[in-house]
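> Give me a model of this one.
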Amino acid sequence: MFQALSSVLSLLIGAGILILGNGLIGILLPIRLSIEHISPETTGLIMSAYYAGFMLGSKYGQVVIQRVGHIRTFAAFAALLTATVMVCALIFNPALWAVLRASIGFCMAALYATIESWLNVRSSNENRGQVLSFYMVTNYLASALGQFLVNARETSGVELFCLAALLTSLSLVPVVMTRVAGPEISGIRPLGLKSLYQASPLGVVATFGAGLLTGAFYALAAVYANRIGLSVFQVSLFVAVPVFAGLILQWPIGRLSDRYDRRTVLLAVLVGAATASLVLSILSVSAAALTPLLLASAVLGSCLATIYPIAVAQAFDYIDRAVMVSANSSMLFIWSIGATAGPLIASFVMGQVGPTGLFFYLTIVAVIIAGFTRYRMSARQALPTSEQSSFVALTTSSAIAGALDPRADPLPEFYYDDVDPGDR
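Okay, the predicted model is just below:
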């Protein structure tokens, strides 16, 4: 384990610093929009633009990596991300912020792909699972800690934007100093959606549902918390607690899905998400009920964190190992569509019924996906647990992360980044 960690430590440090900055800007923008009295519908549009950009970045970021190499790609997109955040600080304009938010999503997708492809090469067949776990922990911890950085300065000023830009630029240092080969990623092509749905209808629908749920919650939770009267620190706590809960409980829930019918566990998780959302919609009438709010949000966060990896595991139960990386790419695309639509729909509901609309929306979506899960349980015989693929905790970052999955075939090593592209 120590050897596996030491081989990827510099990359994990770079990823952690980058995600810290992204976590900060992710909570700062909705709070600032709320302070400026921007409507929930407009806020939802701006926040959903991140996932739209992320979806495009997942597709076209790999093209840039293949053309100019990993180090140049990381440097270019980190610089663009830093500049984008600084423009947010200089100009307050909701329409412009939507474009900038999409640019942030595009850059983050490309940066994730670069880091994860390096992690893929630094790991062996024997320790890929450990490397993926280290990366998962880094991702979740940095994302949660990034929420608390919003307390460092006043949210109405430019200092926090500068801090986020500083972190994204500093992430360059440990990453670009890394000299390592890159994997062959040109062969990663999404598995056809029709073929994927035919193999696992529940896996596809649950993946889309995971996007609808997580995209809406993490885009608008800060807006909800701010509108019910929580302080900035309480808002950061309300958003960070579900992230920590998702990190802690993802593996135990995943192990249950390996021991029992995976669909039963997924159904229980969806019922838990619906129940926690319903409780939050009731508790939100009083900001004074902070402890119950945090407990309910922790339950919701732990449920939301497990829907996507359980959905992927459900799909992997019915597809060949050789196409698992491509299947992961397709499922990430499906998740991104849901995550783009989720904040748009949820913000419209919030605009009609108030802050509690976010959790009314989450409750309804979770119930619908739970109903489909129950239907699929009656439509197809469950696989024996001995024939199920193993649960693996996953992030919704890039298609290349799927190559770190020990269930899939690894990508072959391709070239060295310090070799001129024309000499490859």
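> from here on, contacts and neighbour counts on C-alpha atoms
OK.
> which residues touch V243?
For V243, the contacting residues are 140-141, 143-144, 298, 301-302, 305, by CA atoms under 8 Å, 6 or more residues apart in numbering.
> do the same with L28
By CA under 8 Å, 6+ apart, L28 lies in contact with 150, 155, 160.
> Quick check: the gap between it and M47.
Using CA to CA, to the nearest Å, L28 is found at 11 Å from M47.
> Which helix runs longest in this protein?
Longest helix in the chain, counting residues (DSSP state H): helix 2-35.
> Quick check: next helix or strand after that one?
Moving toward the C-terminus from helix 2-35, the next helix or strand (DSSP states H and E) is helix 40-68.
> Who are the packing partners of that next one?
For helix 40-68, the packing partners by 3 or more CA pairs under 8 Å, 6 or more residues apart in numbering; DSSP states H and E come out as helix 2-35, helix 94-122, helix 201-227, helix 324-353.
> Could you export these to TSV, including columns for distance to Y60?
Output for the helices and strands packed on helix 40-68, formatted as TSV (distance: least, CA to CA, whole Å):
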stretch	distance to Y60
helix 2-35	20
helix 94-122	8
helix 201-227	20
helix 324-353	12
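> What's the mean pLDDT across the helix or strand hosting I71?
Assigned by DSSP H and E, I71 falls within helix 70-90. Helix 70-90 shows a mean pLDDT of 91.
> Also compute the angle for it relative to helix 2-35, please.
Orientation check (axes from the mean of the first three to the mean of the last three CA atoms, to 10 degrees): helix 70-90 against helix 2-35 gives 20 degrees.
> buried set for helix 70-90?
Residues 70-75, 77-86, 88-89 are the ones in helix 70-90 that count as buried (16 or more other CA atoms under 10 Å).
> Stretch 265-283 now?
Residues of stretch 265-283 classed as buried by neighbour count (16+ other CA under 10 Å): 265-267, 269-281, 283.
> for stretch 161-175, same thing?
Residues of stretch 161-175 classed as buried: 161-172, 174-175 (neighbour count, 16+ other CA under 10 Å).
> Give me the subset of those residues lying in helices.
Counted as lying in helices by DSSP H, out of those, are 161-170, 172, 174-175.
> Quick check: which ranges of this structure have low pLDDT?
Counting by pLDDT under 70, the chain has low-confidence residues at 1-7, 122-129, 178-191, 284-288, 322, 387, 392, 397-424.
> any idea how far A366 is from I71?
With distances taken as CA to CA, I71 is found 41 Å from A366.
> for A152, same thing?
Going from A152 to A366 by CA to CA gives 35 Å.
> Same check on P242?
Distance from P242 to A366, by CA to CA: 17 Å.
> quick one: which of the contacts of L28 is most hemmed in?
V150 (26 neighbours; other CA atoms under 10 Å).
> on that earlier part again, if you count neighbours, what's buried in the longest helix of the chain?
Neighbour-count burial for helix 2-35 flags 4-5, 8-34 (criterion: 16+ other CA under 10 Å).
> Give me the distance from that helix to the chain's centre.
When distances are taken as CA atoms, centre = their mean, to the nearest Å, helix 2-35 is centred 12 Å away from the chain's centroid.
> Surely A382 is within a helix?
No. Checked against DSSP: H, G, I helix; E, B strand; the rest coil, A382 lies outside a helix; its state is coil.
> Tally up the residues packed near it, please.
By other CA under 10 Å, the residues close to A382 number 15.
> ok, it - contacts?
A382 makes contact with D261, according to CA under 8 Å, 6+ apart.
> number of nearby residues for I248?
Residues near I248, counting by other CA under 10 Å: 15.
> Quick check: the gap between it and G21.
Taking CA to CA, one finds I248 at 22 Å from G21.
> Kindly report the same for A313.
Distance, A313 to G21, by CA to CA: 30 Å.
> swap in Y218?
Between Y218 and G21 the computed distance is 16 Å (CA to CA).
> Same question for S117.
From S117 across to G21, the span is 21 Å (CA to CA).
> Just the closest of the buried residues of stretch 161-175 to L294, please.
Closest to L294 out of the buried residues of stretch 161-175 is A164 (25.7 Å), distances taken as CA to CA.
> if you skip the residues just before and after it, what's nearest to the closest one?
Computed as CA to CA, 6 or more residues apart in numbering, the closest residue to A164 that is not its neighbour in sequence is G21, at 4.4 Å.
> The stretch 251-400 of the chain: helices as residue ranges?
Ranges of helices in the stretch 251-400 of the chain, per DSSP state H, counting those that start in this stretch, are 262-283, 290-316, 324-353, 357-379.
> So which other helices or strands are in contact with the shortest one?
I take that to be helix 262-283. Where contact means 3+ CA pairs under 8 Å, 6+ apart, helix 262-283 is packed against helix 232-259, helix 290-316, helix 357-379.
> how about CSV for those helices, with distance to Q62 added?
Conversion of the helices and strands packed on helix 262-283 to CSV gives the following (distance: least, CA to CA, whole Å):
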stretch, distance to Q62
helix 232-259, 28
helix 290-316, 22
helix 357-379, 32
